[in-house]
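>>> The sequence and its predicted three-dimensional model are supplied below.
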Amino acid sequence: MTDGKVFDKYRRRLQRIVDYLPGHGWAASLDGRDFYLSKSMVEMVGGAALLPSGNSPDFSWKSLLRSDEYEAVAEKWKAAVEAQESFDVEHQVLCRDGEFRWVRSSAKPVRDRHGTMLYWIGVLVDIDHVVRAAEKARLGEEQLRTLLDTIPAPIWAADKAGRPLYSNAAHTSQTGKNIEQLRNPDQDPVDEKNLVLVHPDDRAKIAGSVRHSFATGEPINVKYRKLLADGSHRWVNNKAQALRDEAGDIVRWYGVSFDIDDEVRLQQYLLEREAELKRVLDALPAVIWTVDPEGRPHYYNERFKSWTGTSVEQFASSDQSALSQSAELLVHPEDQPHVISAVRHALASGEPWTQRYRLRKTDGSYGWVEGRMAPLRDQNGGITHWYGLAVDIEHEVRMRAELKQSQDRLTRASQVAGMAELSAAIAHEISQPLATIVASSDASLRWLLTEPANVEKAKASMVRTSLNAKIASDVIARIRKLFQHLPQQRVLQPLNPILLKALELSEDVTSAKRVKVFTELAAGLPDLEVDAVEIQQVLLNLIRNAVDAMEETEQQNRAIWVSGRRDNGNIVISIEDSGPGVSDFEGIFEPFVTTKPEGMGIGLSISRSIVAGYNGRLSVENGNRGARFSFEIPFAQHQESVEDEQMSVEVD
């Protein structure tokens, strides 16, 4: 029986079989040329059954297949027919709506009980949605891969055990190794010796951290030095997250490696600079500290800790004000009120602070220091920190005290020596003329008492007495000139520089006594023909007296005001203090009158004599603040005399 007759014999039976097959059934003759389609398949492909191919060598389904797929499908069908083996091919078929759909065609040969093949039974399953979904996924994966390869950061993927699955182009370019070179299924991916991209010194730490994450599912966040393609290492921050399925089980790890080499090296540089700065601050011979804008301690250098034996933590844990606590603990009780008040004012006003005070040492003793504090401001002008230091001035203070004692002893010795020398000079100069006067007077008396009286000789004795009296008068005149300190040379010059020089010379005295000096010197004062040393001697004497007068009081704010002004034909210089004032306005200028135990009482007398030498006047009064000493020197006559001399020279 021919193939066609066999196929016709079983046609009715095949019709029932293919109609009940799942999917779209079909049957074919033994030689694979004649086909019978199920109703569902006919409905799917447009309603027409395939006609036998006759003598044509073409596959009967040619009209249903895409032209680019026909040859491959036809060859597989012919090969299956010749070998009488199963046929299973995925391809597209033309459907009723004119669109191609993906199907899977499968067929097997049917044999009788003797093993003789009778016909083919096949089924066509619609897999269009599956294939297109897979194609879409493939396209999406390709797009994702392309996207990941364009990202400049190295990205990688690993399975749940940490074995590498994927690395993007940036990772391959950076390390010089592709995923095939990194993947080894037989090795433990987190064993130290297998971490070939990690610096040997970092492997132990990284292996432990990554192993913990793979075991627990916690995110990976590690920093290490990564081996690059050129053999160098750069610091990276490797971060990864686990991808879990619906059951919560880890299926993959996805990670990215950030290059942080510049950041790490900058941090290392800053740490080195910070350590170097700390070494410098610790080596400086000064106590250094920082506090926040509220005055809470933030940093002490090592010298601060070794000097005081305290640390920042001591003040951070206290409920008491850090300023009050540190002052009570570190500052001498007598200096505490001044220091606390000054620091509080600085914190409130933002003004720098400078003060001398005694700072406690670890042995309980106190040493003099000069403390300074200045604010650090941000770009908006707000204070972020206060920086302070205290320099040890104990030696300076002791030297100043010893120098003052030496100066005081020298002054007293000079006063005693000067008085002794002056007394000896006066006694020597006056004793001789007075003795001669006494002798001449006695001789005159004797000549007058003789019988008869010798008037001529008595007259001669009286003449000698008069001459000796003139000598005594000359001696007294020379002594008066000594007290007047008549200038050796007077030069026409401005007065303000002389005053400022005197203030400069007195700076040590005023500073040591914590006396502030204020000046108000009028500009354009006329020049005077004076001896600068004498004027400065007067000023220094008046300033020293003002300082001494305020030292006897307990007041804190001590000040001196020095002013210079023009008053009609005079230049008036005033020195006013904030002391208790003067009670005896005239007696104070008397020689050897003084209220100071060590004083000689001749300073004001000499000053008045000097001013009088310029036809001026030295006076005192009590002002609004304290005593005010003023001396005035006429300038009109000085100018006129100079002009006269100039005119005289010109005339001559």
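The structure has been received and is ready for your questions.
>>> for Leu604, helix, strand, or coil?
helix (DSSP: H, G, I helix; E, B strand; the rest coil).
>>> which residues touch it?
Residues in contact with Leu604 (Cβ atoms under 8 Å, 6 or more residues apart in numbering) are 541, 545, 588-589, 618. Heads up, the C-betas are built off the backbone N, CA and C, glycines and all.
>>> Equivalent analysis for Ala286, please.
303, 389-392.
>>> Kindly present these as JSON lines, with separate columns for secondary structure and neighbour count.
Formatted as JSON lines, those follow (DSSP: H, G, I helix; E, B strand; the rest coil; neighbours: other Cβ atoms under 10 Å):
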{"residue": "Arg303", "secondary structure": "helix", "neighbour count": "19"}
{"residue": "Leu389", "secondary structure": "strand", "neighbour count": "19"}
{"residue": "Ala390", "secondary structure": "strand", "neighbour count": "25"}
{"residue": "Val391", "secondary structure": "strand", "neighbour count": "16"}
{"residue": "Asp392", "secondary structure": "strand", "neighbour count": "17"}
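>>> beta partners for the residue nearest to Val291 when sequence neighbours are not counted?
Using Cβ to Cβ, 6 or more residues apart in numbering and skipping residues adjacent in sequence, the residue nearest Val291 is Trp386, 4.8 Å away. Trp386 has these beta-bridge partners by DSSP bridges: Val291, Pro375.
>>> State the distance from Trp386 to Ile288.
As for Trp386, its distance to Ile288 is 12 Å (criterion: Cβ to Cβ, to the nearest Å).
>>> the more surrounded of the two?
Trp386 (23 against 19; other Cβ atoms under 10 Å).
>>> circling back to that earlier point, quick one, grab the pLDDT at the residue nearest to Val291.
For Trp386, the model assigns a pLDDT of 89.
>>> re earlier: need the worst-confidence member of the contacts of Ala286.
Arg303 (82).
>>> show me the contacts for that one.
282, 284-288.
>>> Among the contacts of Leu604, which ones are in strands?
Those of the contacts of Leu604 mapping onto strands are Leu618, per DSSP state E.
>>> Out of the contacts of Leu604, who's the most crowded?
Asn545 (24 neighbours).
>>> so where's the stretch 1-150 of the chain shaky on pLDDT?
1-9, 47-57, 137-141, 143-144, 147-148 (pLDDT under 70).
>>> For it, which segments count as helices?
3-9, 11-20, 39-45, 67-83, 128-150 (DSSP state H, counting those that start in this stretch).
>>> now the strands for the stretch 251-400 of the chain?
Secondary structure of the stretch 251-400 of the chain (DSSP state E, counting those that start in this stretch): strands at 286-291, 297-300, 353-360, 366-377, 383-392.
>>> Strand 353-360 and the first one, what's the angle between them?
If you take axes from the mean of the first three to the mean of the last three Cα atoms, to 10 degrees, strand 286-291 sits at 110 degrees to strand 353-360.
>>> quick revisit: deepest-packed of the strands of the stretch 251-400 of the chain, please.
strand 286-291 (a mean of 20; mean count of other Cβ atoms under 10 Å).
>>> does Ser583 count as helix, strand or coil?
coil.
>>> err, His171, not the other one
helix.
>>> would you turn the contacts of Arg303 into CSV with distance to Gly217 and pLDDT?
Conversion of the contacts of Arg303 to CSV gives the following (distance: Cβ to Cβ, whole Å; pLDDT from 0 to 100):
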residue, distance to Gly217, pLDDT
Asp282, 47, 77
Leu284, 53, 77
Pro285, 58, 76
Ala286, 55, 82
Val287, 54, 84
Ile288, 50, 85
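>>> Could you list the domains of the chain?
As recorded under automatic domain parsing, the domains making up the chain are 3-132, 151-265, 284-392, 400-484, 491-640.
>>> how about JSON lines for these, with distance to Leu277 added?
Output for those, formatted as JSON lines (distance: least, Cβ to Cβ, whole Å):
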{"stretch": "domain 3-132", "distance to Leu277": "67"}
{"stretch": "domain 151-265", "distance to Leu277": "18"}
{"stretch": "domain 284-392", "distance to Leu277": "10"}
{"stretch": "domain 400-484", "distance to Leu277": "34"}
{"stretch": "domain 491-640", "distance to Leu277": "33"}
